[in-house]
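# Based on what follows, work out the 3D shape:
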Amino acid sequence: MSARVEHVVTSGVFSLDGQDFDVDNNVWLVGDDSEVVIVDAAHDAAKILAAVGDRSVVAIVCTHAHNDHVNAVRELVAATGAPVRLHADDAMLWDVVNAGIAFEPLADGDVIAVAGSDLHVLHTPGHSPGGVCLHAPDLGVVLSGDTLFHGGPGATGRSFSDFPTILDSIRERLLTLPSGTRVLTGHGDETTVGAEASAYDEWVARGH
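Modelled structure (predicted):
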């Protein structure tokens, strides 16, 4: 059984810098009928676990540590016993929500294997210092977290974020992927590398 990507949408509150925002998050499950990797532990552990079913969870991978991507970690770990993976540069954000919960640090170039497919870790700082994307070449997808969306880069007008840095990450790490690669985002609709590459100069000009 070859690997596939499944989509779960969860809803909750994103909190940062003293502000709260109602958000819908994309949670991605990569795997087959026997095992999966959960990408982003957003809001609703019960809904995520229902989608996982009786499959083994290889890992819970967090693309970054903003609360809306990690606030279901505690329940998911308790239910599955799976290791949590996160880039160490987001530890200060992690500790706001999940202090005391251990994670295994992710590094650029790491490979997470599931169901015969490999998820290649790309460190893409900018939205947060430890932001990562996961590229699965054989599936033709990149799970972009909040680094790249349909219509441009993730937000950078908040603590620990930087617009020039996210532009560099997207240009050097994502727009170099095959143009037909599906970009499966942390929020909203999917897009492709080619569709976003054509608008890069517009993002630079608008400055955010």
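# show me the contacts for Ser159.
16-17 (CB atoms under 8 Å, 6 or more residues apart in numbering). C-beta coordinates here come from the backbone N, C-alpha and C atoms, glycine included.
# quick check, it in a strand?
No - counting by DSSP: H, G, I helix; E, B strand; the rest coil, Ser159 falls outside a strand, being coil.
# Pass me the low-pLDDT residue ranges in this protein, would you?
Counting by pLDDT under 70, the chain has low-confidence residues at 1.
# thinking Leu174 is in contact with Thr192, fair?
No - if you go by CB atoms under 8 Å, Leu174 and Thr192 don't touch, sitting 10.8 Å apart.
# who touches both of the two?
Joint contacts of Leu174 and Thr192 (CB under 8 Å, 6+ apart) are Val183.
# higher neighbour count, these two?
Taking other CB atoms under 10 Å, Leu174 and Thr192 do not tie; Leu174 has more neighbours (22 against 19).
# Not counting residues beside it along the chain, what's closest to that one?
Leu148 (5.6 Å; CB to CB, 6 or more residues apart in numbering).
# can you check Gly109 too?
Here the residue nearest Gly109, using CB to CB, 6+ apart, is Val121, at 6.5 Å.
# Look up how far Ala199 lies from the one you found.
25 Å (CB to CB, to the nearest Å).
# The two: which has the busier surroundings?
Val121 (20 against 13).
# give me the beta-bridge partners of the more buried one?
Taking DSSP bridges as the rule, Val121 bridges to Leu134.
# you'd agree it is up against Ile112?
Yes - the pair Val121 / Ile112 is scored as a contact, 7.0 Å apart, by CB under 8 Å.
# where do the contact lists of these two overlap?
Contacts common to Val121 and Ile112, judged by CB under 8 Å, 6+ apart, are Leu134.
# quick one, helices of this protein?
Using DSSP state H, the helices of the chain run over 45-52, 67-70, 73-80, 91-98, 163-169, 193-197, 200-206.
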